[in-house]
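*Asks:* show me the folded form of this:
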Amino acid sequence: PNRKPLLYQLSKAGKLCVPAMNVNDSVTKQKFDNLYCCRESILDGLKRTTDVMFGGKQVVVCGYGEVGKGCCAALKALGAVVCVTEIDPICGLQACMDGFRVVKLNEVIRQVDVIITCTGNKNVVTRDQLDRMKNGSIVCNMGHSNTEIDVASLRTPELTWERVRSQVDHIIWPDGKRVILLAEGRLLNLSCSTVPTFVLSITATTQALALIELYNAPEGRYKQDVYLLPKKMDEYVASLHLATFDAHLTELSDDQAKYLGLNKNGPFKPNYYRYHSAKFDHRILQNSSENMKLKANN
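*Replies:* Okay, the predicted model is just below:
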């Protein structure tokens, strides 16, 4: 997410008591859980709660990071007319090149059928915007916690809440307009659908290896700071899951490895390589530098 995570805040303030691994920004979390898991679970969550038909629906996906990319791909495949909102010009350009209109939410709010938040931010959909949505619109969150939709602003005397089924509320305005709010603004896929176990296996393996690395590391390798999982371990997590697809990787020859300046057994990419991610995080480069210093010292 775009916000500065708590672990980094604690580290900067000198209040972090132990070394920590930032698993959320590991490649095998971001590129699989955030992208492919959301690509499958977004439709599942919406169907289970609303039985909505996606063909021809006007959908706005707020945020075109990995979660937004997965949601957009799934919705587009079923014939929805998808627009994207973005603050990042690189993500915005990616959305354009993938065939999505990039808009401001206020410009389309009166026409939209479904809004899906995927930003990691707060108050992405405000009360003013909810007031201007048309009758029967659906609002849900695939992003961070329950902060993206300003749900608190809807708990006022002039609006009526009607629970129509588990995780589905109709918010009724004085003129009879209804907006369908899913899971009270919490994460849709965790609240309203199943999550593919294969993707969870990848994330759980990444978490387990991070713990093993911290536990087995020689004294002094990791300070009281936040680190990313070493690239070699990210690659190992991926390799463990290839057998499921009967996938066979090509091996570099000695000459090819020498030409690329790589070890034949990896890692195959530098730490700052983000596998087509739209966002470059300066923390990755910083941690890469720190990891190289640690290797040199050890």
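
*Asks:* how far does stretch 32-40 sit from its chain's centre?
*Replies:* Put simply, stretch 32-40 sits 8 Å off its chain's centre (Cα atoms, centre = their mean, to the nearest Å).

*Asks:* avg pLDDT for it?
*Replies:* When pLDDT is averaged over stretch 32-40, the result is 89.

*Asks:* only the buried residues of stretch 234-246, if you could.
*Replies:* By 16 or more other Cβ atoms under 10 Å, the buried positions in stretch 234-246 come out as 234-238, 241. To be clear about C-beta, it is placed using only N, CA and C from the backbone, and glycine gets the same treatment.

*Asks:* got it, and stretch 147-157?
*Replies:* Buried, per 16+ other Cβ under 10 Å, within stretch 147-157: 147-151, 154.

*Asks:* part of a strand, is Q30?
*Replies:* No: secondary structure of Q30, determined by DSSP: H, G, I helix; E, B strand; the rest coil: helix, with no strand assignment.

*Asks:* pretty sure it contacts N24?
*Replies:* Yes: proximity of Q30 to N24 meets the contact threshold set by Cβ atoms under 8 Å, at 7.4 Å.

*Asks:* out of the buried residues of stretch 147-157, who's nearest D225?
*Replies:* Ranked by distance to D225 (Cβ to Cβ), those are led by T147 at 26.6 Å.

*Asks:* returning to what we had before: could you dump the buried residues of stretch 147-157 into CSV and include secondary structure?
*Replies:* CSV is the format used below for those (three-state DSSP):
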residue, secondary structure
T147, coil
E148, coil
I149, strand
D150, coil
V151, helix
L154, helix
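
*Asks:* and which of those is nearest V112?
*Replies:* Distance to V112 across the buried residues of stretch 147-157 (Cβ to Cβ) is lowest for I149, with 13.7 Å.

*Asks:* K29 touches L209, doesn't it?
*Replies:* No: between K29 and L209 there is no contact, the gap being 11.5 Å when judged by Cβ under 8 Å.

*Asks:* who's more crowded, Q30 and N24?
*Replies:* Higher neighbour count among Q30 and N24: Q30, with 20 against 16, using other Cβ atoms under 10 Å.

*Asks:* now that one. Nearest residue, chain neighbours left out?
*Replies:* Counting by Cβ to Cβ, 6 or more residues apart in numbering, E66 is the residue found nearest to Q30 once chain neighbours are left out, at 5.4 Å.

*Asks:* what pLDDT does the one you found get?
*Replies:* 92.

*Asks:* that one: what's it in contact with?
*Replies:* Applying Cβ atoms under 8 Å, 6 or more residues apart in numbering to E66 gives the contacts 30-31, 34-35, 38, 277.

*Asks:* can you check Q129 too?
*Replies:* By Cβ under 8 Å, 6+ apart, the contact list for Q129 reads 105-106, 109.

*Asks:* which of the residues you listed has the most neighbours?
*Replies:* Among the contacts of Q129, the one with the most neighbours (other Cβ under 10 Å) is I109, at 21 neighbours.

*Asks:* just checking, that one touches R132?
*Replies:* Yes: if you go by Cβ under 8 Å, I109 and R132 touch, sitting 5.0 Å apart.

*Asks:* off-centre distance for stretch 160-175?
*Replies:* Put simply, stretch 160-175 sits 28 Å off its chain's centre (Cα atoms, centre = their mean).

*Asks:* over to stretch 236-248?
*Replies:* 23 Å.

*Asks:* count of residues packed around R221?
*Replies:* What R221 shows, counting by other Cβ under 10 Å, is a neighbour count of 16.

*Asks:* how far away is it from Q30?
*Replies:* According to Cβ to Cβ, to the nearest Å, R221 stands 24 Å off from Q30.

*Asks:* same deal with D131?
*Replies:* Taking Cβ to Cβ, one finds D131 at 35 Å from Q30.
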